[in-house]
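Asker: Structure for the following, please:
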Amino acid sequence: MTLLFRYIFRIAATAFVMTLAVLTAVIWLSQALREFDLMTAKGQSVLIFLMVTGLSIPALIAIIGPVALFIATLYALNRLNGDSELVVMSASGLSPSATFRPFLALTLLATALVAWMTIWAMPSSFRGLRDLVTKVRADFVSNVAREGQFINLDQGITFHYRERAGDALLGIFMQDRRDPDKSIVYIAERGQAVDVNGTPYLVLEQGVVHREKGDGGDASVISFQRYAIDLGQFGPDGDIITYKPRERSTFELLKLDPNDPYVRAQLGRFRAELHDRVAAPLYALAFVAIAFAALGSPRTTRQGRGVATGMAVLSVLVLRIAGFAISTLIVRSPASVPLAYILPIGATMMALGFAFMPPLRRRSVNGSASLKAGV
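Answerer: Residues are numbered from 1 along each chain as shown. Presented below is the predicted three-dimensional model:
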């Protein structure tokens, strides 16, 4: 590893780490403010608040990582050109490929980081967040809810109890109206929140379950002596805990159960999630290649780099939007899967081909582009 390699790598790596940290912190803070009601309205501790908000960090890094790498590459190349170091390196006979090697080394490290986040850390954090929110909901029922108050456990779910007797709750009323075409009401003399192997339950005694379909439709009333309600069901997935595609491990996405009704109904989403995770790290290399193609060649102060920077930013924006569009296509059609990889790989090869183009030919291409822009 030469002194020049270490010098360029240090500039780019420092900029990448700082940009990634700042962008992640800003976006994390904006999301954390949304969850502030965990401490205010739901009576949770600061530790639970930090855990819930902290579990979103892997997803933020997976999205922000390639963007931070792109910004760091632009910064490093602008700094090298501003100090005339790119001019000196070019005049001394250093090829563009040699200048690109430090950025390639940093890109491989960043790609590995993004791949680790998307393939392992992100699904684990989403599943952990689901389990933690379920635990928070159970604590809310047993410890935070107040006597005689009607509270919302979730959108469409109302909970009430008359009074507390030790660990038991007396006079329980719970209504589930998440489905506008179906209403379920639980009424019980007493109940208690318990934890069974990490799963929270509300165990009701001496009560009835009233089910009604539609406005004034078919109704049924079932009496019970003892009835256990899985508090994990009170989420967006219905009567049982069903992990969404983003909450399942990559191995689970590779080994889907074809007999699972949820998998059959959402097969397109599972397919898109799997290929999004694998293809996401490729955008880091594509972004760096675009930045290097735009600013990797030395220019004098009279040759403004603003236009080149703007074109690079626009190219990255279009590339990422196209990636999201392809993800939507994959949900609808398996034939679109190759596009998820062709897009970032093709963009990388085109950008590097332009970056390593002979100087005279590149000037000709730039001149033609400028002429067309002027026209």
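
Asker: Give me the buried positions along the strand or helix carrying residue 307.
Answerer: For residue 307, the host element (DSSP states H and E) is helix 306-332. Buried residues in helix 306-332, counted by 16 or more other Cβ atoms under 10 Å: 308-309, 312-313, 315-316, 319-320, 323, 326-327, 329-331. In this view, the C-beta of every residue, glycine as well, is placed from N, C-alpha and C.

Asker: same thing with stretch 219-229?
Answerer: 227, 229.

Asker: Dump that stretch to PDB, keeping only the CA atoms.
Answerer: Only the C-alpha atoms of stretch 219-229 are listed here, as PDB (Å, rounded to 0.1, in the frame of the first residue of the first chain):
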ATOM      1  CA  ALA A 219     -73.700 -11.800  15.300                       C
ATOM      2  CA  SER A 220     -72.600 -14.500  17.800                       C
ATOM      3  CA  VAL A 221     -72.100 -14.500  21.500                       C
ATOM      4  CA  ILE A 222     -69.800 -17.100  23.100                       C
ATOM      5  CA  SER A 223     -69.500 -17.500  26.900                       C
ATOM      6  CA  PHE A 224     -66.200 -18.700  28.400                       C
ATOM      7  CA  GLN A 225     -64.800 -19.600  31.800                       C
ATOM      8  CA  ARG A 226     -61.200 -18.900  30.800                       C
ATOM      9  CA  TYR A 227     -60.000 -17.200  27.600                       C
ATOM     10  CA  ALA A 228     -56.400 -16.200  26.700                       C
ATOM     11  CA  ILE A 229     -55.800 -13.400  24.200                       C
END
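
Asker: Which SSE is immediately downstream of the helix holding residue 307?
Answerer: Counting by DSSP H and E, what follows helix 306-332 is helix 339-355.

Asker: what's the offset of that next one from the middle of its chain?
Answerer: 24 Å (Cα atoms, centre = their mean, to the nearest Å).

Asker: can you dump the C-alpha coordinates of it into PDB?
Answerer: Taking Å, rounded to 0.1, in the frame of the first residue of the first chain, the C-alpha atoms of helix 339-355 are listed here in PDB:
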ATOM      1  CA  LEU A 339     -33.300  -6.000 -13.900                       C
ATOM      2  CA  ALA A 340     -32.600  -5.600 -10.100                       C
ATOM      3  CA  TYR A 341     -29.000  -6.500 -10.900                       C
ATOM      4  CA  ILE A 342     -28.600  -5.300 -14.400                       C
ATOM      5  CA  LEU A 343     -29.400  -1.700 -13.400                       C
ATOM      6  CA  PRO A 344     -26.600  -1.100 -10.800                       C
ATOM      7  CA  ILE A 345     -24.100  -3.300 -12.500                       C
ATOM      8  CA  GLY A 346     -24.700  -1.700 -15.900                       C
ATOM      9  CA  ALA A 347     -24.500   1.800 -14.400                       C
ATOM     10  CA  THR A 348     -21.200   0.900 -12.800                       C
ATOM     11  CA  MET A 349     -19.700  -0.400 -16.000                       C
ATOM     12  CA  MET A 350     -20.800   2.600 -18.000                       C
ATOM     13  CA  ALA A 351     -19.500   5.000 -15.400                       C
ATOM     14  CA  LEU A 352     -16.100   3.300 -15.100                       C
ATOM     15  CA  GLY A 353     -15.900   3.000 -18.900                       C
ATOM     16  CA  PHE A 354     -16.200   6.800 -19.200                       C
ATOM     17  CA  ALA A 355     -13.900   7.400 -16.200                       C
END
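
Asker: one step back: ok and the helix holding residue 307 relative to helix 339-355, angle-wise?
Answerer: 160 degrees (axes from the mean of the first three to the mean of the last three Cα atoms, to 10 degrees).

Asker: What part of this protein, helix or strand, is modelled with the least confidence?
Answerer: One helix or strand of the chain scores below all others by mean pLDDT, DSSP states H and E: helix 359-374, with a mean of 48.

Asker: returning to that earlier point: closest to residue 271 among the buried residues of helix 306-332?
Answerer: residue 330 (5.9 Å; Cβ to Cβ).

Asker: What count of nearby residues applies to the closest residue to the closest one other than its chain neighbours?
Answerer: Leaving aside its chain neighbours, residue 330 sits nearest to residue 272 (4.3 Å; criterion: Cβ to Cβ, 6 or more residues apart in numbering). Other residues lying near residue 272 total 22 when counted by other Cβ atoms under 10 Å.

Asker: separation between residue 272 and residue 308?
Answerer: Relative to residue 308, residue 272 is positioned 34 Å away (Cβ to Cβ, to the nearest Å).

Asker: Longest helix of this protein, counting residues only.
Answerer: Of all the elements of type helix in the chain, the one with the most residues (DSSP state H) is helix 3-34.

Asker: which parts of stretch 273-283 are buried?
Answerer: Buried-residue list, stretch 273-283, by 16+ other Cβ under 10 Å: 273-277, 279-283.

Asker: ok, now stretch 110-120?
Answerer: Those would be 110-111, 113-115, 117-119, for stretch 110-120 by 16+ other Cβ under 10 Å.

Asker: what about that stretch, average pLDDT?
Answerer: Stretch 110-120 shows a mean pLDDT of 94.

Asker: do stretch 160-172 as well
Answerer: Mean predicted lDDT for stretch 160-172 stands at 84.

Asker: And the residue nearest the centre of the chain, how far from residue 117?
Answerer: Residue closest to the average C-alpha location in the chain (Cα atoms, centre = their mean): residue 59, at 3.5 Å. Using Cβ to Cβ, one gets 8 Å for the distance from residue 59 to residue 117.

Asker: and what of residue 265?
Answerer: Residue 265 sits 28 Å away from residue 117, going by Cβ to Cβ.
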